[in-house]
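K.L.:
Fold the following for me, if possible:
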Amino acid sequence: MAGVAVILFFLVIYFVYEENKIGKMRFALPISLILISVLISMIGAYLFQGQSFSATAMGQRVIYYYLIYFLLHYLKIPIDFTKKTIVVFAIAYMVLYFAQFALYPTVLTQSKMFMDRGTLRIFMPGAGYLVIAYFIWLYYTFKAFKVRYVVFLLLSLGVFVLLGTRQVIASMLLLSILFIFQSKIVKSKFIIFMLIGLAIIPVYFIFQDIIYAMFEVTVSQSQSVESNIRLKAAKFFLTDFYPNNWAYFTGNGAAGSSMYEVRITNYSERYGFYRSDIGLIGEYTKFGALFVIGVIIIFYRALTAKLPEHLMFIKYNFLGLILTLVTGAGAFGSSSTNILINCMLLYLIDLYLNEKMEATNQIKIASEAGK
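P.N.:
Sure thing, here's the model as predicted:
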């Protein structure tokens, strides 16, 4: 809440005193829909779940970080500085992750962690920065082959494997292949695939136990789709959980300090039903239909924006979110870190397109003056 207060403070200052015109905000509509949906869901939480407005306001506090999108346009942070900031956070995340992995059971972070699938799984905020930095490093590896980019790529892949999350590994592999196919800076795609194939061999032997454990989990879950806990959770939260039809529009609100939170906790501890395990479905049960509409608009505008190749990491990030849309932790309404990352990327799209538009207008003006 202190962070939200800082954002609001600077928004008011810039709104009152900033005289320079800010650029076009192409994602103001969907973000406004998300913020409106949050207000409506507070009514749903009060009427249908018996939770007070103040408890809901605190329970959904991460959503208020969407206001950073508007503040970024006033701050006018350059593209290169934003990219470097993302990379710095990614490196810091890797350093802390490897340190925690090496020193366990000594605890360096309060993040959830446990031994599973042959690895120590550490669910530490900041993985989103590493995903984006991975594609930045991938681009520069092919553009200007330097050892440091290759090292960062290998280290980031090591973190992805140590996480023990199949959907992350599969998504990164699929998106990396897509990058190679569509990239104009990759000249010999056949040779690249040969090198990747050779590189996979030592990676497999290094992480053999982890890969085998994940394979066993996949086989066991595929034998009985009915027993998949995520499917059960999605079915429950989309059917039995809803008190009435109105809640499908308004949402049930985010759980705060109330009996509503006790019930949600009971569902997770007794049945293993976590809304954080079913991505956008879980967020929909909280914030309702307008929230989902806002997310769909964000996806459409982000993926259809015409960006240069050095900014394509933005599209890969949102493509990755689509691949884990209903099986991930929820990238749009469950984590302040993910919301900050998404807003930074949306701001970069606006900034690039606004600068491109301004350059085009300047050329037209110069051309007309010459005539």
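K.L.:
I would like the residues contacting stretch 53-69, please.
P.N.:
With contact meaning Cβ atoms under 8 Å, 6 or more residues apart in numbering, stretch 53-69 is reached by 1, 3-4, 7-8, 11, 25, 27-28, 31, 34-35, 38, 41-42, 45-46, 51, 253-258, 260-261, 286-287, 333-336, 339-340, 343-344, 346-347. Yep, even glycine has a C-beta here, placed from its N, CA and C like the rest.
K.L.:
if you set the cut-off to 7 Å instead, what comes out?
P.N.:
The contact list for stretch 53-69 (Cβ atoms under 7 Å, 6 or more residues apart in numbering) reads 1, 4, 7-8, 11, 27, 31, 34-35, 38, 42, 45-46, 253-258, 333, 335-336, 339-340, 343, 346-347.
K.L.:
residues in contact with G44?
P.N.:
Contacts for G44 (Cβ under 7 Å, 6+ apart) come out as A247, T250, G251, N252, G253, G288.
K.L.:
Least confident secondary structure element in this structure?
P.N.:
Of all helical and strand segments in the chain, the minimum by mean pLDDT, DSSP states H and E falls on helix 208-222, at a mean of 50.
K.L.:
hang on, the earlier thing: can you pick out the ones from the contacts of G44 that are in helices?
P.N.:
Of the contacts of G44, the ones assigned to helices by DSSP state H are A247, T250.
K.L.:
among the contacts of G44, who's most crowded?
P.N.:
Counting neighbours by other Cβ atoms under 10 Å, G253 leads these with 31 neighbours.
K.L.:
Over to that one: give its phi and psi.
P.N.:
Taking degrees, to the nearest 10, you get phi 80, psi 160 for the backbone angles of G253.
K.L.:
Quick check: the gap between it and N361.
P.N.:
45 Å (Cβ to Cβ, to the nearest Å).
K.L.:
okay, and for the stretch 151-300 of the chain, where does confidence drop off?
P.N.:
164, 186-227 (pLDDT under 70).
K.L.:
same thing but at 80, please
P.N.:
When residues are selected by pLDDT under 80, those of the stretch 151-300 of the chain lie in 162-170, 180-228.
K.L.:
can you give me the strands for it?
P.N.:
In the stretch 151-300 of the chain, no segments count as strands under DSSP state E, counting those that start in this stretch.
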